[in-house]
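Asker: Show me the folded form of this:
(2 chains)
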Amino acid sequence: DGGITQSPKYLFRKEGQNVTLSCEQNLNHDAMYWYRQDPGQGLRLIYYSQIVNDFQKGDIAEGYSVSREKKESFPLTVTSAQKNPTAFYLCASSRTGGYTEAFFGQGTRLTVV
Amino acid sequence: AQSVTQLDSQVPVFEEAPVELRCNYSSSVSVYLFWYVQYPNQGLQLLLKYLSGSTLVKGINGFEAEFNKSQTSFHLRKPSVHISDTAEYFCAVSSPDSWGKLQFGAGTQVVVTP
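Answerer: Numbers count the residues shown, from 1 in each chain, chains lettered A, B, ... in the order given. Here you go, the predicted model:
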């Protein structure tokens, strides 16, 4: 089945550590996105990529980094510079252009302990 | 810049009653509009979308929404809800020049009780 796979589902991190969240898609989509979800705030865009080896900052990129070495993969690293990393992280993909919907993964819940 | 306002943070409703979730947007360009549903600890699933054409859009699970350009609204409705409709609902907007990026509202939690 085509879809988006995020791993792990739950992740615990100690303060000061970097962690990487995985996102893989087999929908053959060019565009991929990372969103952060906090209670009562909806989803906010962290980074997006329209094509391999290119990505752009979203609204809340500080403390995060990404790479896009393969069309299918768009990993997100939450660095120690992110002051409040505890959140639910969602990866999405779409065909390019705004006239199509985004498909979402099941999310990764990151907790800093 | 675009923005989305979901006017209700929580909507309690009895089973088999109708429900309406309100969504207003602001944009200086033409828009595409979406409603997504999220069940606890899961990703988002598309309910319906408006891209162009008929302003009344029908989606999955008996939901429908009406695009009203003059009122910049895209309210979601269902004539009779089930317990399984308990979830969070998000309205989102994009545009031809937004490269597929979505601007989301804060979400509306629907709680269906027997």
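Asker: Identify all residues paired with the residue nearest the centre of chain B through a beta bridge.
Answerer: With distances taken as Cα atoms, centre = their mean, B:Trp35 lies nearest the centre of chain B, 3.4 Å away. With DSSP bridges as the criterion, B:Trp35 is bridged to B:Leu48, B:Cys91.
Asker: Please report how far it lies from B:Ser80.
Answerer: In this structure, B:Trp35 lies at 18 Å from B:Ser80, with Cβ to Cβ, to the nearest Å as the measure. Every C-beta, even on glycine, is put in place using the N, C-alpha and C of the backbone.
Asker: Pull the contacting residues for the closest residue in space to B:Glu20 that isn't next to it in sequence.
Answerer: In space, B:Glu20 comes closest to B:Arg77 once its chain neighbours are excluded; the distance is 4.9 Å by Cβ to Cβ, 6 or more residues apart in numbering or on different chains. B:Arg77 sits next to B:Pro18, B:Val19, B:Glu20, B:Leu21, B:Phe63, B:Glu64, B:Ala65, B:Glu66 when contact means Cβ atoms under 8 Å, 6 or more residues apart in numbering or on different chains.
Asker: From those, which land in helices?
Answerer: Using DSSP state H, the subset of these located in helices is empty.
Asker: For PyMOL, what selects the buried ones among these?
Answerer: With 16 or more other Cβ atoms under 10 Å in any protein chain shown as the burial test, the buried ones among the contacts of B:Arg77 are selected in PyMOL as follows:
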select buried, chain B and resi 19+21+63+64+65
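Asker: quick one: A:Tyr47 is in a helix?
Answerer: No: A:Tyr47 sits outside any helix when classified using DSSP: H, G, I helix; E, B strand; the rest coil, being strand.
Asker: quick one: it and A:Leu76 touch, right?
Answerer: Yes: with contact defined as Cβ atoms under 8 Å, A:Tyr47 and A:Leu76 form a contacting pair (7.0 Å).
Asker: anything in contact with each of the two?
Answerer: Jointly contacting A:Tyr47 and A:Leu76 under the rule Cβ under 8 Å, 6+ apart are A:Trp34, A:Tyr64, A:Val66.
Asker: and which of these is nearest to chain B?
Answerer: Closest approach between these and chain B, by Cβ to the nearest Cβ: A:Trp34, at 11.2 Å.
Asker: Run through the residues that contact the closest one.
Answerer: Per Cβ under 8 Å, 6+ apart, neighbours of A:Trp34: A:23, A:45-48, A:58, A:64, A:66, A:74, A:76, A:89-92.
Asker: and it, bridged to which residues?
Answerer: In this structure, A:Trp34 bridges to A:Tyr47, A:Cys91 when assessed by DSSP bridges.
Asker: now do A:Phe104
Answerer: A:Ala92.
Asker: OK, contacts around A:Gly58?
Answerer: Each residue near A:Gly58 by Cβ under 8 Å, 6+ apart is listed here: A:Tyr33, A:Trp34, A:Arg44, A:Leu45, A:Ile46, A:Tyr47, A:Tyr48, B:Lys101.
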